[in-house]
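Asks: everything below, folded, please.
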Amino acid sequence: MTKADIIERVYDKVGGFSKKEAAEVVETVFLLMKQTLSRSEKIKISGFGNFVVRGKKERMGRNPQTGQPIVIQERSVLNFKPSQVLKNALNQNRT
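Replies: Okay, the predicted model is just below:
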């Protein structure tokens, strides 16, 4: 699913919006999420899951092409942990 698909579904499901307004709503939600995560704050969406930014320390790795050791710089990574509700919904479709 793409951002355009999400906009289309918001437009279809929530009456009273033009497509442009639906796009603005979706863009605003994503912008707020990006801003929140960039401040290393947690996003918890009840019934869906948690988005958490965590730090990875600098470590040694190796270049897979040459085998030479390299330093992998310290960085931030985004983790998503689905809620139990989402896990259950996903597993219901498997049976």
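Asks: from now on I want contacts and neighbour counts done on CA atoms only, so please keep to that.
Replies: Noted.
Asks: run a quick neighbour tally on Val77.
Replies: 10 (other CA atoms under 10 Å).
Asks: that one bridge partners, please.
Replies: Here Val77 sits in beta bridges with Arg54, going by DSSP bridges.
Asks: and it, how far from Lys42?
Replies: Distance of Val77 to Lys42, given as CA to CA, to the nearest Å: 12 Å.
Asks: give me the common contacts of these two.
Replies: Residues touching both Val77 and Lys42 (CA atoms under 8 Å, 6 or more residues apart in numbering) are Val53.
Asks: any low-confidence regions in the protein?
Replies: Regions of the chain meeting the criterion pLDDT under 70 cover residues 93-95.
Asks: switch the cut-off to 90
Replies: 15-17, 92-95 (pLDDT under 90).
Asks: tell me which strands and helices the top helix by length along it is in contact with?
Replies: Counting by DSSP state H, the longest helix found in the chain is helix 19-38. Applying 3 or more CA pairs under 8 Å, 6 or more residues apart in numbering; DSSP states H and E, one finds that helix 19-38 makes contact with helix 3-13, strand 43-45, strand 49-56.
Asks: so what touches that helix?
Replies: Ile6, Ile7, Glu8, Val10, Tyr11, Lys42, Ile43, Phe51, Val52, Val53.
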